[in-house]
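*Asks:* A structural model of the following input is requested.
(chains A and B)
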Amino acid sequence: MDFELSDDQQQLAQSLDRVLREHCSFEKRRAIAATEAGWSEALWGHLAELGVTALGIPEAQCGLGGGAVDRLPVLQAFGAVQLLEPYLASCVLGATAVQAAGSPAQQEALLPAVAEGRARLAWAHEEAATRHAPLWVQTRARREGKGWRLTGTKSLVLGAAAATHWVVSARIEGEADSQQGLALFLVQPDASDALLRSYRLVDDTLAGELILDDVQAEALGDATDSACAAAAIRAVQAAGTAAACADMVGAMESAFALTTAYVNTRKQFGRAIGEYQAVRHRSADMAVALEMARSMAIAAASAADDPDAPGAALELARAKLVVGRHARALCEAAIQSHGGIGMTEEYAVGHCLRRVHVQDHLFGDVDAQAARLARLARPISVD
Amino acid sequence: MNIRPTPEQAAFREEVRAFIREWLPQEIRERLHRGHAPRKQDTVAWQRILHERGWAAPHWPKEYGGAGLGIAERLILLEELQRGCAPVPLAFNVTMLGTVLLRYGTQAQKEFFLPRLAGLDLWFCQGFSEPGAGSDLASLRTRAVRDGDHYVVDGQKIWTTMAHEADWIFALVRTEQAARKQDGISFLLIDMKSPGVTVRPIVSIDGQHHLNEVFFDGVRVPVANLVGEEGRGWDCAKYLLASERTGIASIGLCWERLAYAQELAASLQQGAGTLAQDAKLGAEMAVLGAEIRALEVTNWRFLLDTEIARRNPGFASVLKLKGSELQQSLSSLIARLAGPAGLERRDAEGAEAQHPLAASAARYFFYRATSIYGGSSEVQRDILAKTLLG
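*Replies:* Next up is the predicted model:
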């Protein structure tokens, strides 16, 4: 066991920190959020230049190799600034799906472009009725000649409008919740008549609803291999869960740093409010929450790198539960410690709670994870 | 970064498990699994078995009868003992006094006491708290006045666990009135059979007798039993309190209690089914399992990685706060699972103690103490806030 970042990771984290401070300060991020696109191609270019878009993509496909553990500090940094660019959508979710299910030719065509930031993927899996059931898919696929046609509606497609390719789950046959008949497809936004209703989430993240009405699609890998598609969906869920944990820890770190600085400067009744025991004790509880979350973000990344290992599902569910729970508690406490200023849109701390609220709901919120764990029904450590 | 144990660590864990399976008397295992505290004879019998194996004093050097284990192995040993329902080596002897003697003891003290501490030939109790000195320990007033080659001790200690069964007590006493209350305190070893020592029981809210008051009335203690320098006992006390960190989170205990709660839920009927089918209880146990895992990883992060510990000077407080919270949540859950059947007052000894729910309520009541002893949660939050906010 060891818990330190490698030298490479530390160097990358430092470079990333410089880029984010310059191009994704609180004010600059707000300006990006206010644009019509809702994300910045310029900032995306800087991230690609640094190589973070290549993390987790095999070296054979122009990537830097590695996996969730290598992305952990990067995603934490993104959570800390509440990055709006579609990193999670493309480099984590989309890239994981293509690696898990794509044919060699598809991987060769897509992954280098994703690694270099030229292509951006979006993961279109969630549906209105899904509510955290991982394999719930009602979108139908039918064969037409060599290709496929998809019909259905995909909700909460992160980074949909920024994507060059949508990775869409659909079923050829079977009940909504079954593995049988599941398959993954690629849909080209510009070359299809899919309807995209693009919107922003409550934390300003770009997302959209995809309305597919007999839309042309290409199978990702072998469409008849439903076991492979289900495994790919699980791998995406695992990578996404670990990413959301890391992102929330980043948001927690920001909220916590803002709070400790604020309570030591804000004076009331002639004293810094950080001298009052009620405020001090709340800060102590926030520190405990942050440490628990940091630990489980590491555990989640480690589990996501080996998602089929025994105990990985248990570890991921526990991690998402712990991080979600403590992230929400910490951000709420941070706002409370700030008082009125914490309630304002133009102050950063509230944005941390918005981010956490969104990330908690991705891949199953705290309640969904508790229910999942209760079903696994063996909450015993797995070393 | 790698969260997985090394093959050596995994093998050591397996070795400890196998040892416990083979050697732990069934009666002790069952007693602790039902939630009872180990009796004196349980701890003595098991610690002697551990001592035979060389594991009674995990962190001591081998020359003094310790196991000379590194931090990871110590943690594994402790986790597995707790998880396997084995009494842990007596903390007063091994983690507290033993640690202090290794650092501050004279050669004669080490040679006389250390083997007896490890083999439990002497049972020590801890004389720190006083009626006017709880969390504010340095306010203690028990006096020791030098008289030739003896100290004469007068005063009172309170909340002294197992004093009624102890052979000796290590006590903080005031040898000088200094400007700073931490100065002028000395660390003395006192034979409980000395004339002038009186023990009075305190029955706690679990209805049992673990705690005591200890009175000193002109007790003569040889100067040879002073540990460290006169007036520098606070150094020993701080060093002792810091040594409690390895076990502070009680991870193994938390896992064991959660397993017991699940067993209970599966065996206790509710209507036509069992409590294991109750969705709300299932979610509660899921949250506890997740939180224990988070504390487990945190414990490993802090204890294995000196750099992380250095950046988090309040880490022991994080472990104490969270560990005591989880132990209380688990004891409360078990008492609630027991339900009305756990309400009957049952003796902790003899046939009644065999009832599966005999200890459920008593343990719930007694575990309220976890956030009070060893630095209350309020004190831990103060310490932590000091490191965060100055």
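*Asks:* what pairs with the longest strand along chain A, parallel or antiparallel?
*Replies:* Assignment by DSSP state E gives strand A:206-219 as the longest strand of chain A. Strand A:206-219 pairs in its sheet with strand A:147-158 (antiparallel), strand A:182-187 (antiparallel), strand A:195-200 (antiparallel), by DSSP bridges.
*Asks:* just after that strand, pick out the following helix or strand.
*Replies:* Per DSSP states H and E, the first helix or strand lying C-terminal to strand A:206-219 is helix A:226-263.
*Asks:* after the helix or strand harbouring B:Leu295, which helix or strand is next?
*Replies:* If you go by DSSP H and E, B:Leu295 is part of helix B:279-304. Downstream of helix B:279-304, the first helix or strand assigned by DSSP H and E is helix B:306-311.
*Asks:* so what touches that following helix?
*Replies:* By Cβ atoms under 8 Å, 6 or more residues apart in numbering or on different chains, the residues outside helix B:306-311 that reach it are A:Phe3, A:Glu4, B:Arg301, B:Phe302, B:Leu303, B:Phe315. Backbone N, C-alpha and C define where each C-beta goes, glycine included.
*Asks:* quick check: the two most widely separated of the residues you listed?
*Replies:* A:Glu4 and B:Phe315 (15.4 Å; Cβ to Cβ).
*Asks:* so those two - more neighbours on which side?
*Replies:* Shown here are A:Glu4 and B:Phe315; by other Cβ atoms under 10 Å in any protein chain shown, B:Phe315 has more neighbours (23 against 14).
*Asks:* ok, that one touching B:Leu304?
*Replies:* No. In this structure B:Phe315 lies outside contact range of B:Leu304 using Cβ atoms under 8 Å: 11.7 Å.
*Asks:* do you have the helices of the stretch 251-383 of chain A handy? List them.
*Replies:* With helices called from DSSP state H, counting those that start in this stretch, the stretch 251-383 of chain A shows them at A:277-304, A:312-338, A:349-361, A:366-376.
*Asks:* tell me which of those helices approaches A:Thr151 most closely.
*Replies:* Of all the helices of the stretch 251-383 of chain A, helix A:349-361 sits nearest to A:Thr151, with 26.2 Å by Cβ to Cβ.
*Asks:* dump the closest one to CSV, keeping only the CA atoms.
*Replies:* Extracted C-alpha coordinates of helix A:349-361, given in CSV (Å, rounded to 0.1, in the frame of the first residue of the first chain):
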residue,chain,number,x,y,z
VAL,A,349,-18.7,28.6,-2.4
GLY,A,350,-22.2,28.0,-3.5
HIS,A,351,-21.0,26.7,-6.8
CYS,A,352,-19.2,23.9,-5.0
LEU,A,353,-22.6,22.7,-3.6
ARG,A,354,-24.2,23.0,-7.1
ARG,A,355,-21.4,20.9,-8.5
VAL,A,356,-21.7,18.3,-5.8
HIS,A,357,-25.4,18.1,-6.2
VAL,A,358,-25.0,17.3,-9.9
GLN,A,359,-22.1,14.8,-9.3
ASP,A,360,-24.0,13.0,-6.5
HIS,A,361,-26.8,12.2,-9.0
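*Asks:* for that helix, packing partners?
*Replies:* Other helices and strands packing on helix A:349-361, by 3 or more Cβ pairs under 8 Å, 6 or more residues apart in numbering or on different chains; DSSP states H and E, are helix A:226-263, helix A:312-338.
*Asks:* just send those back as JSON lines, with mean neighbour count and mean pLDDT too.
*Replies:* Formatted as JSON lines, the helices and strands packed on helix A:349-361 follow (neighbours: other Cβ atoms under 10 Å in any protein chain shown; pLDDT from 0 to 100):
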{"stretch": "helix A:226-263", "mean neighbour count": "25", "mean pLDDT": "97"}
{"stretch": "helix A:312-338", "mean neighbour count": "25", "mean pLDDT": "98"}
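*Asks:* for the closest residue to chain A within the stretch 51-200 of chain B, list the residues it contacts.
*Replies:* Nearest to chain A in the stretch 51-200 of chain B, going by Cβ to the nearest Cβ, is B:Ala72, at a distance of 7.3 Å. Neighbour list for B:Ala72: A:Met1, B:Pro5, B:Gln9, B:Leu304 [criterion: Cβ under 8 Å, 6+ apart].
*Asks:* ditto for B:Gln107
*Replies:* B:Gln107 touches nothing, counting by Cβ under 8 Å, 6+ apart.
*Asks:* how near is it to B:Gly68?
*Replies:* From B:Gln107 across to B:Gly68, the span is 19 Å (Cβ to Cβ, to the nearest Å).
*Asks:* now, the contacts of B:Ala72 that are in helices?
*Replies:* Mapping the contacts of B:Ala72 onto helices (DSSP state H) picks out B:Gln9, B:Leu304.
*Asks:* could you dump the contacts of B:Ala72 to JSON lines with neighbour count and pLDDT?
*Replies:* Listed next are these as JSON lines, based on neighbours: other Cβ under 10 Å; pLDDT from 0 to 100:
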{"residue": "A:Met1", "neighbour count": "16", "pLDDT": "79"}
{"residue": "B:Pro5", "neighbour count": "16", "pLDDT": "91"}
{"residue": "B:Gln9", "neighbour count": "17", "pLDDT": "96"}
{"residue": "B:Leu304", "neighbour count": "17", "pLDDT": "87"}
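*Asks:* could you single out the nearest of the contacts of B:Ala72 to A:Asp360?
*Replies:* Set against A:Asp360, the nearest of the contacts of B:Ala72 by Cβ to Cβ is A:Met1 (28.1 Å).
*Asks:* how far does stretch A:267-285 stretch from start to finish?
*Replies:* 22 Å (Cα to Cα, to the nearest Å).
*Asks:* how many other residues sit next to B:Arg301?
*Replies:* 22.
*Asks:* is it in contact with A:Glu4, as I believe?
*Replies:* No. Applying Cβ under 8 Å, one finds B:Arg301 not in contact with A:Glu4, separated by 9.8 Å.
*Asks:* chain B: helices as residue ranges?
*Replies:* Going by DSSP H, chain B shows helices at B:7-23, B:26-33, B:40-53, B:71-83, B:99-104, B:107-118, B:233-243, B:251-267, B:279-304, B:306-311, B:315-338, B:360-366, B:377-389.
*Asks:* and the residue of the stretch 101-250 of chain A closest to chain B?
*Replies:* In the stretch 101-250 of chain A, the residue that lies nearest chain B is A:Cys245 (11.0 Å; Cβ to the nearest Cβ).
*Asks:* which residues does that residue contact?
*Replies:* Counting by Cβ under 8 Å, 6+ apart, A:Cys245 makes contact with A:Ala293, A:Met296, A:Ala297, A:Ala300, A:Ala301, A:Ala319, A:Lys320, A:Val323.
*Asks:* export only the CA atoms of the longest strand of chain A, formatted as PDB.
*Replies:* C-alpha atoms of strand A:206-219 as PDB (Å, rounded to 0.1, in the frame of the first residue of the first chain):
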ATOM      1  CA  LEU A 206     -23.500  21.300 -20.600                       C
ATOM      2  CA  ALA A 207     -25.800  18.400 -21.200                       C
ATOM      3  CA  GLY A 208     -28.700  17.400 -23.500                       C
ATOM      4  CA  GLU A 209     -31.500  15.200 -24.400                       C
ATOM      5  CA  LEU A 210     -31.200  13.100 -27.500                       C
ATOM      6  CA  ILE A 211     -34.300  12.300 -29.400                       C
ATOM      7  CA  LEU A 212     -33.700   9.500 -31.800                       C
ATOM      8  CA  ASP A 213     -36.400   8.700 -34.300                       C
ATOM      9  CA  ASP A 214     -35.100   5.900 -36.600                       C
ATOM     10  CA  VAL A 215     -31.700   7.500 -36.600                       C
ATOM     11  CA  GLN A 216     -28.800   6.100 -38.600                       C
ATOM     12  CA  ALA A 217     -26.100   4.500 -36.400                       C
ATOM     13  CA  GLU A 218     -22.900   2.400 -36.600                       C
ATOM     14  CA  ALA A 219     -22.500  -0.500 -34.200                       C
END
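*Asks:* tally of neighbours for the closest residue to chain A within the stretch 151-300 of chain B?
*Replies:* The nearest approach of the stretch 151-300 of chain B to chain A comes at B:Gly289, 2.7 Å away (Cβ to the nearest Cβ). Each residue near B:Gly289 was counted by other Cβ under 10 Å, and the total is 29.
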